[in-house]
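S.K.: can't give you the sequence, but here's the structure:
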């Protein structure tokens, strides 16, 4: 998967609860099993040692279906998309990928941007709390 040693929450509700109570940011990865873009991103994510290490500082959630929460699709329902949510349960609209038409999309070639956005999510957390 996305990182076998990582701890993944099972539901969106559980992830929100854990983010709020642990004061850790939540990283949600929307993907589909039969999507080649999702599979390609999963592969580079799982092989990226620094991302795997950094991911341990997050509450993690993998979603393979859409939720009814419109906050999780601020600019549409596409995959793969990665959103960061802070412990106040706010979607971080200031942490985005490189596409203006799909703000939360990442491709395998964007893995270093995803890594720096993970660092940014943790840094913002420290300065705002």
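M.R.: Sure, I can see it. Just so you know, these numbers come straight off a predicted model, no measurement behind them. Residues are numbered from 1 along each chain as shown.

S.K.: burial check on residue 106, number of neighbours?
M.R.: Neighbour count of residue 106, defined by other C-beta atoms under 10 Å: 23. (Glycine included, C-beta is placed from N, CA and C.)

S.K.: flag the shaky bits of the chain, pLDDT-wise.
M.R.: 128-129 (pLDDT under 70).

S.K.: which outside residues touch the longest helix seen in it?
M.R.: Longest helix of the chain, by residue count under DSSP state H: helix 111-128. For helix 111-128, contacts defined as C-beta atoms under 8 Å, 6 or more residues apart in numbering pick out 23-25, 27, 41, 44-45, 48, 50-51, 54-55, 57-58, 82, 84, 86-87, 92, 94-98, 106.

S.K.: with stretch 19-28 instead?
M.R.: Identification of contacts with stretch 19-28 by C-beta under 8 Å, 6+ apart yields 12, 15-16, 18, 55, 57-61, 63, 72, 82-89, 92, 118, 121-122, 125, 129.

S.K.: returning to what we had before: the contacts of helix 111-128, buried ones only, as a ChimeraX selection?
M.R.: Restricted to buried positions by 16 or more other C-beta atoms under 10 Å, the ChimeraX selection for the contacts of helix 111-128 reads:
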select :24,25,27,41,44,45,48,51,54,55,58,82,84,86,87,92,95,96,97,106
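
S.K.: so of the contacts of helix 111-128, which ones are in strands?
M.R.: 27, 82, 84 (DSSP state E).

S.K.: bridged to the first one, which residues?
M.R.: Right, the one you point to is residue 27. Listed by DSSP bridges, the beta-bridge partners for residue 27 are residue 60, residue 84.

S.K.: contacting residues around residue 4?
M.R.: By C-beta under 8 Å, 6+ apart, the contact list for residue 4 reads residue 46.

S.K.: so it is in which element?
M.R.: Element membership for residue 4 (DSSP states H and E) is empty, with no helix or strand holding it.
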